[in-house]
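> Please work out how this folds:
(one chain, ligands or ions: 2)
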Amino acid sequence: MSANGTDKKPPSPSPLRFSKFFQSNMRILVTGGAGFIGSHLVDKLMENEKNEVIVVDNYFTGTKDNLKKWIGHPRFELIRHDVTETLLVEVDRIYHLACPASPIFYKYNPVKTIKTNVIGTLNMLGLAKRVGARILLTSTSEVYGDPLEHPQNESYWGNVNPIGVRSCYDEGKRVAETLMFDYHRQHGIEIRIARIFNTYGPRMNIDDGRVVSNFIAQAIRNEPLTVQLPGTQTRSFCYVSDMVDGLIRLMEGENTGPINIGNPGEFTMLELAEAVKELINPEVKISMVENTPDDPRQRKPDITKAKELLGWEPKVKLRDGLPLMEEDFRQRLGSPSKN
Ligand SMILES: NC(=O)c1ccc[n+]([C@@H]2O[C@H](COP(=O)([O-])OP(=O)(O)OC[C@H]3O[C@@H](n4cnc5c(N)ncnc54)[C@H](O)[C@@H]3O)[C@@H](O)[C@H]2O)c1
Ligand SMILES: O=C(O)[C@H]1O[C@H](OP(=O)(O)OP(=O)(O)OC[C@H]2O[C@@H](n3ccc(=O)[nH]c3=O)[C@H](O)[C@@H]2O)[C@H](O)[C@@H](O)[C@@H]1O
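Residues are numbered from 1 along each chain as shown. Ligands and ions are numbered 1, 2, ... in the order given. Below is the predicted model of the structure:
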């Protein structure tokens, strides 16, 4: 019996995997690679000359712009593809990120969000099984719902509304995790599950509704920072370079997870607004606005497992990460830098 609780041997790679004349050491598929975290992950993977990277994306919330420096590169391929349809490629690793992440986008077409999480993950697991690839799912801290335990560690089963407006996303990810473990136990697939906590950084969609991108764009445009009531709800924000480092360590390590990857620094939304005001625009106003249903009241990762099993912990503090994101937003908004 393996440490992962299964006797099953991982399936062998497809013979097509070895059919090319030139062999890179590792052929890596990144679904959702045109999105925010995915494109940063691709940048990091492409730094290694032994890696060949294939991105599939339907461009719902991602854009080719995020990958423009790699288009035409001999070790890079970009495919317009929806993961709810089957995909035939020969790869060694699958980073499965495809899924809208911002609440306004995942609620826009909730049935499609569920299909992406369930059928999309099923398709990627089927691919992993056929070609003998290792697959990593980017799950979410939303699997803990509105948590009754604080901070959240991986053994907590969560407090999730199964019929609410966020359920397409959080229940969708919970089923995706279940599928990952069932493929692992039933077919011996090598799986990795990351439970990602709120991540921020350059390339977030400017108007995607997530709190850090909203506040930074609002501060630059000198519009009021929209703090949703009560403002005492908390989140823990992880800078994207730390996130990418954690995902790669998880993929290349020996543990299936689920493992929380996030920054334990916890802030209320009012504290975040004050930090953005101080760092980016001291003149900007703060405006209290209505919240949306089922908004989790508190969220902070326990990262003991990530530290012990992956030797990982975040390095970038919120006050250092916000200015890095500001610079990118100023460029895209055509607003001159303060320096
Ligand atoms: N950013 C966070 O704070 C956070 C937190 C927890 C989990 N995650 C997870 O990390 C992953 C990436 O998040 P992100 O912040 O980069 O979001 P994002 O919206 O920027 O990226 C998601 C990408 O997936 C693509 N996509 C969506 N549906 C697809 C489909 N059916 N087929 C193919 N491509 C599709 C989008 O076009 C986009 O490029 C998601 O799985 C998300 O659930 C993110
Ligand atoms: O980390 C996670 O697991 C999840 O976190 C986020 O979901 P959420 O925490 O709701 O992210 P935001 O939309 O950025 O909201 C964070 C908090 O900010 C508040 N908020 C949001 C926007 C705004 O303008 N003002 C504001 O106060 C919200 O009420 C909420 O309490 C992501 O969008 C999900 O994709 C991800 O899976």
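> hang on, residue 316 packs against residue 241?
Yes - contact status for residue 316 versus residue 241: in contact at 6.5 Å, counting by CB atoms under 8 Å. In this view, the C-beta of every residue, glycine as well, is placed from N, C-alpha and C.
> so where do the helices sit in this protein?
Ranges of helices within the chain are 36-46, 103-106, 110-131, 167-187, 211-221, 240-252, 269-280, 304-310, 318-333, based on DSSP state H.
> in the shortest one, what counts as buried?
Buried residues in helix 103-106, defined by neighbour count with 16 or more other CB atoms under 10 Å: 103, 105, 106.
> Repeat that for stretch 325-339.
325, 326, 329, 330.
> re the thing from before, could you redo the buried residues of helix 103-106 as JSON lines and give each row pLDDT and distance to ligand 2?
Output for the buried residues of helix 103-106, formatted as JSON lines (pLDDT from 0 to 100; distance: CB to the nearest ligand atom, whole Å):
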{"residue": "103", "pLDDT": "92", "distance to ligand 2": "5"}
{"residue": "105", "pLDDT": "94", "distance to ligand 2": "9"}
{"residue": "106", "pLDDT": "94", "distance to ligand 2": "7"}
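> any chance of those residues in TSV, with distance to residue 262 too?
What follows is the buried residues of helix 103-106, written out as TSV (distance: CB to CB, whole Å):
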residue	distance to residue 262
103	17
105	21
106	19
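> Same list (the helices of the chain) but as TSV, adding distance to residue 160.
What follows is those, written out as TSV (distance: least, CB to CB, whole Å):
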stretch	distance to residue 160
helix 36-46	22
helix 103-106	14
helix 110-131	14
helix 167-187	5
helix 211-221	21
helix 240-252	23
helix 269-280	21
helix 304-310	21
helix 318-333	27
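> Could you give the bridge partners of the residue nearest to residue 30 when sequence neighbours are not counted?
Spatial nearest neighbour of residue 30, chain neighbours left out: residue 95 (4.7 Å); criterion: CB to CB, 6 or more residues apart in numbering. On DSSP bridges, the residues paired with residue 95 through beta bridges are residue 30, residue 136.
> so who does residue 95 touch?
Contact analysis of residue 95 by CB atoms under 8 Å, 6 or more residues apart in numbering lists 28, 29, 30, 31, 33, 38, 41, 136, 138, 247, 251.
> 10 Å - rerun?
Listed by CB atoms under 10 Å, 6 or more residues apart in numbering, the contact set of residue 95 reads 28-33, 37-38, 41-42, 45, 53, 55, 124, 134-138, 192, 194, 247-248, 250-251.
> same question, residue 173
99, 113, 117-118, 121, 137-143, 160, 193, 195-196.
> nearest to residue 305, of those residues?
Nearest to residue 305 out of the contacts of residue 173 is residue 195 (CB to CB; 9.9 Å).
> Could you list the low-pLDDT ranges of this protein?
1-6, 13-24, 338-339 (pLDDT under 70).
> Contact residues of it facing ligand 2?
101-103, 140-142, 196-198, 209-211, 214, 226-228, 233, 235, 269, 291, 295 (CB under 6 Å from any ligand atom).
> Filter those residues down to the ones in strands?
140, 196, 226, 227, 228, 235 (DSSP state E).
> separation between the fifth one and residue 295?
What it means is residue 228. 7 Å (CB to CB, to the nearest Å).
> Mutual contacts of these two, please.
Contact criterion CB under 10 Å, 6+ apart; residues shared by residue 228 and residue 295: residue 269.
> residues contacting residue 60?
By CB under 10 Å, 6+ apart, residue 60 lies in contact with 32, 34-35, 82, 98-100, 105-106, 108-109, 112-113, 116.
> at 8 Å what do you get?
Going by CB under 8 Å, 6+ apart, residue 60 touches 100, 105.
> now the ones in strands among the residues of the chain next to ligand 2 in a markdown table, with neighbour count?
Converted to a markdown table, these look like this (neighbours: other CB atoms under 10 Å):
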| residue | neighbour count |
| --- | --- |
| 140 | 22 |
| 196 | 23 |
| 226 | 17 |
| 227 | 23 |
| 228 | 15 |
| 235 | 23 |
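> from these, which are also near ligand 1?
With CB under 6 Å from any ligand atom as the criterion, these include 140, 196 near ligand 1.
> Please identify which of the ones in strands among the residues of the chain next to ligand 2 is nearest to residue 91.
Out of these, the member with the shortest distance to residue 91 (by CB to CB) is residue 196, at 21.7 Å.
> That closest one and residue 97, how far apart?
For residue 196 relative to residue 97 (CB to CB), the value is 9 Å.
> Quick one: end-to-end distance for stretch 83-91.
Terminal residues of stretch 83-91 lie 15 Å apart, using CA to CA, to the nearest Å.
> no, scratch that, I was asking about stretch 153-165
25 Å.
> Report the buried residues of it.
Neighbour-count burial for stretch 153-165 [16+ other CB under 10 Å]: 154, 156, 158, 160.
> Please name the residues that touch the last one.
So the one you mean is residue 160. With contact set as CB under 8 Å, 6+ apart, residue 160 has these partners: 142, 143, 144, 145, 146, 167, 170, 171, 174.
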